[in-house]
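Undergrad: What follows is a predicted structure for the sequence shown.
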Amino acid sequence: MQHYKKALLVVSFGTTFPNAIEAIENIERAFQNTFPDYDFFRVFTSGMIIRKLKRTKGIEIMDIEKALDHLYKEGYAEVLCQPTHIINGVEFEKVKHAVAPYRKLFQKFVLGDPLLTYERNFRDTANILLKTLPEYREGEAVVFMGHGSAHFANGAYSQMETMFRALGREQVYIGTVEGFPGLSYIEGRLETKKIKKVHLMLMMIVAGDHAQNDLAGEKDSWKSELTEKGYEVCARITGMGLLDGIPELYIEEMKNKLLLSN
């Protein structure tokens, strides 16, 4: 009787920052512990990061096409594919496009969702983030930096900001590096609310290049610009993948999808 082979792919954009990879590893580890009878494979979608890791560190990581091609040739029958993206934006569209030709090659293929997909995801994620925020004080605000996108899914950041209000926390703002709202929107809110102190935090899975440079860098960053404008700024940079409960939100939704596929 032929062995029924099962594979688990955790698909991330990727990072070359040694400390930042820990956030991806934390999600991968949680999935491996939850699905121990699946063979695990790490997948990155950024060709630039894959090439740099190979060139500078000799580390070989498969992209999604190579990974799925490998699984097919090795006779895998079932594949769980979980992206670590936050929104259903351009990067997730790339994943969906990449897996489309391969889905029919396997007896079962389950593609997981990004973190912020359903309303319950926004509420659950906000509740986890609320535990990490500094205590509310008048004249202080929490500002999250998200990646942002030209994709319409970028509206998820505004929904997330609204969810903080719905859960009773005011003066929490979310801006993005590559989309609307940006830092100028944030500055307008800070001025309107007469904020004196800003706590900068990260709404990204990994604390990589954007976190180290665009958010908290010494020059041309949100921290440096807000400091120049007279705000007291405190930056707390932790990739969301390292927060207790975040990996479990991905896992819970994957379990739901797996049940529906049976």
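TA: Received the coordinates, thanks. Numbering: from 1, shown residues only.

Undergrad: Quick one: neighbours of residue 159, just the number.
TA: Using other C-beta atoms under 10 Å as the criterion, residue 159 is surrounded by 15 other residues. Glycine gets a C-beta too; all of them are placed from N, C-alpha and C.

Undergrad: so which helix or strand takes in it?
TA: Under the criterion of DSSP states H and E, residue 159 resides in helix 156-166.

Undergrad: Could you pull out the buried residues of that helix?
TA: Using 16 or more other C-beta atoms under 10 Å as the burial criterion, the residues of helix 156-166 that qualify are 156-157, 160-161, 163-164.

Undergrad: Give me the distance between residue 106 and residue 10.
TA: Residue 106 sits 17 Å away from residue 10 when distances are taken as C-beta to C-beta, to the nearest Å.

Undergrad: Among the two, which residue is more densely surrounded?
TA: Shown here are residue 106 and residue 10; by other C-beta under 10 Å, residue 10 has more neighbours (24 against 18).

Undergrad: thinking again about what came up before, and the helix holding residue 159, what does it pack against?
TA: Contacts defined by 3 or more C-beta pairs under 8 Å, 6 or more residues apart in numbering; DSSP states H and E place helix 156-166 against helix 119-130, strand 172-176.

Undergrad: so which of the ones you listed is the most packed in?
TA: Between the helices and strands packed on helix 156-166, strand 172-176 has the highest mean count of neighbours, a mean of 23, where neighbours are mean count of other C-beta atoms under 10 Å.

Undergrad: Okay, angle between that strand and helix 119-130 too, please.
TA: Using axes from the mean of the first three to the mean of the last three C-alpha atoms, to 10 degrees, the interaxial angle of strand 172-176 with respect to helix 119-130 works out to 110 degrees.

Undergrad: Taking helix 156-166 as reference, get the angle to strand 172-176.
TA: Between strand 172-176 and helix 156-166, the angle comes out at 180 degrees (the same axes, to 10 degrees).

Undergrad: Put together TSV for the buried residues of helix 156-166, with distance to residue 227 and pLDDT on each row.
TA: Converted to TSV, these look like this (distance: C-beta to C-beta, whole Å; pLDDT from 0 to 100):
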residue	distance to residue 227	pLDDT
156	29	96
157	23	95
160	25	97
161	23	96
163	29	97
164	24	97
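
Undergrad: Out of those residues, which two are the most distant from each other?
TA: In these, two members sit farther apart than any others by C-beta to C-beta. They are 156 and 164, at 13.3 Å.

Undergrad: What's opposite the residue lying closest to residue 14 once chain neighbours are set aside in the beta bridge?
TA: Nearest residue to residue 14, sequence neighbours excluded (C-beta to C-beta, 6 or more residues apart in numbering): residue 44, at 3.4 Å. On the basis of DSSP bridges, residue 44 is bridged to residue 12.
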